[in-house]
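sharing a model prediction with you, sequence too.
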Amino acid sequence: MAGKRTGQERMNDALTLSRHDYRRIYRQLRTMDDVRRLSPEFDEDFLFAIYTQRTVREVKRRFHQVSRSAPAFRRWWRKGQSFLQIARRIDFPPVLTAMIILRLDGVGRKTFQRY
């Protein structure tokens, strides 16, 4: 039967994925839009899991580097840039960008989580 593949068919393909294909998909998943773009070919939950792994790895690798630059980001924010604009500029998750900036102003983790 030609046409749109079922979720089960896409999931079976994901389970038999070669290392090469995994890396190819991993490199293509830069944003959530990429997850949606590739979902006709692969199961969306599978793609989201790979995207999440990539995001976590990137954040762990760059967190301290980004934190060291927080005073500059705070200046940008005070001059009117939104957290989202700053996050896109530095290629870092917006919520973590906001947390890093607000911590410079004395906002603790628990207080931040209530926002």
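Structure's in. What do you need? Numbers count the residues shown, from 1 in each chain.

okay, and for the protein, where does confidence drop off?
Scanning the chain for pLDDT under 70 picks out 1-15.

domain assignment for it?
The chain breaks down by automatic domain parsing into domains covering 1-60, 69-115.

would you turn these into a markdown table with mean neighbour count?
C-beta here means a position set from N, CA and C on the backbone, and glycine is covered the same way. Listed next are the domains of the chain as a markdown table, based on neighbours: other CB atoms under 10 Å:
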| stretch | mean neighbour count |
| --- | --- |
| domain 1-60 | 13 |
| domain 69-115 | 14 |
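
what ranges do the helices span in this protein?
Secondary structure of the chain (DSSP state H): helices located at 7-15, 19-28, 32-38, 44-68, 70-78, 83-90, 94-104, 109-114.

who's in contact with the residue nearest to E44 when sequence neighbours are not counted?
Distances taken as CB to CB, 6 or more residues apart in numbering place V35 nearest to E44, at 6.4 Å, with adjacent residues excluded. By CB atoms under 8 Å, 6 or more residues apart in numbering, the contact set of V35 is 29, 44, 47-48, 51.
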